[in-house]
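here is the input, now give the coordinates:
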Amino acid sequence: MNTHLTRFSLAIVTCFVWVSLATANFEVSPFVLKLRADKGELSGWLEVKPNQNKRPVAVELALFERNLDLDGIEDQNSPESQELTIYPSELVVYPGEKVKVQVNWAGKSQPIADKTFTLLAKEVPVDINDPEAKDKVEINIKTLIKYRLVIAIETGKRGSLSVVSSKIVQKGKVEIIVENKGAGRIPMDGFHLMIGGKKYADFPGIGNAIMPGDKRRFILPLDAAPAPADIRFGAADSPLK
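Predicted structure coming up:
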């Protein structure tokens, strides 16, 4: 796995419960599933498997919009997606077994801009009123876990940042709001601002990529608000246009 993908994965994968994979009852891979729309790839596969050999695990999968707020934090109450489907969405995986799950684009037209979705994978209790289930599966509520994974639609297009506003919010701090007016995402790997010949690379707002149409707020340690024309954007390998 390359460095950029590793950083991207770490930035956007979140678990509701802080446990090690060794104590989770199941796992889903990959953490980030990329569908290359520019290459006609509008479907992909995930793999679900138990992370223990004692009992089967019931897993439920659901797809949601992945909306980010102005600070780049995911809205945990985003609605279910109408543009992606997943099958099967409910399954039981047994020790030693791996189950393939397919994700398909179901939008009315081809994607014209990069977009991300959240896949929520959670272990669900087996119906304890079912005598067969009670005999076959031992439920341990303490280890039930939820994963938030990402499905990324990539079009191969570039993002384009522009400054929306620049203002002092308190002494020694300036708020800069930018907007991605391009069709591609703006990754945060190596992202930085150049202001007055000085490079700023570590400040609030860096984290999740800036998706097309999204705005992002950065807070910088400055005494005066720079003019939008004096703010330049850069990534690890080149300027951002």
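
from here on, just use CA atoms for contacts and neighbour counts.
OK.

what residues sit buried inside stretch 77-95?
If you call a residue buried by 16 or more other CA atoms under 10 Å, then stretch 77-95 has these buried ones: 81, 83, 84, 85, 86, 90, 91, 92, 93, 94.

now the end-to-end length of that stretch.
33 Å (CA to CA, to the nearest Å).

what sits up against it?
Counting contacts by CA atoms under 8 Å, 6 or more residues apart in numbering, the residues outside stretch 77-95 that touch it are 48-50, 52-67, 99, 101-108, 117.

in ChimeraX, select just the buried ones from those.
Command for ChimeraX that selects the buried part of the contacts of stretch 77-95, burial taken from 16+ other CA under 10 Å:
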select :48,49,50,52,55,56,57,58,59,60,61,62,63,64,65,66,67,99,101,103,104,105,117
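
which ones among the contacts of stretch 77-95 map onto strands?
Taking DSSP state E as the definition of strands, the contacts of stretch 77-95 contribute 48-50, 57-65, 99, 101-105, 117.

mind listing the helices for this structure?
Secondary structure of the chain by DSSP state H: the helices cover 3-12, 131-136.

between those, which gets the lowest average pLDDT?
Sorting the helices of the chain by mean pLDDT places helix 3-12 lowest, at a mean of 39.

could you spell out which stretches of this protein belong to which domain?
Per automatic domain parsing, the domain ranges recorded for the chain read 3-154, 161-234.

give the contact list for residue 188.
Taking CA under 8 Å, 6+ apart as the definition of contact, the neighbours of residue 188 are 206, 207, 208, 209, 210, 235.
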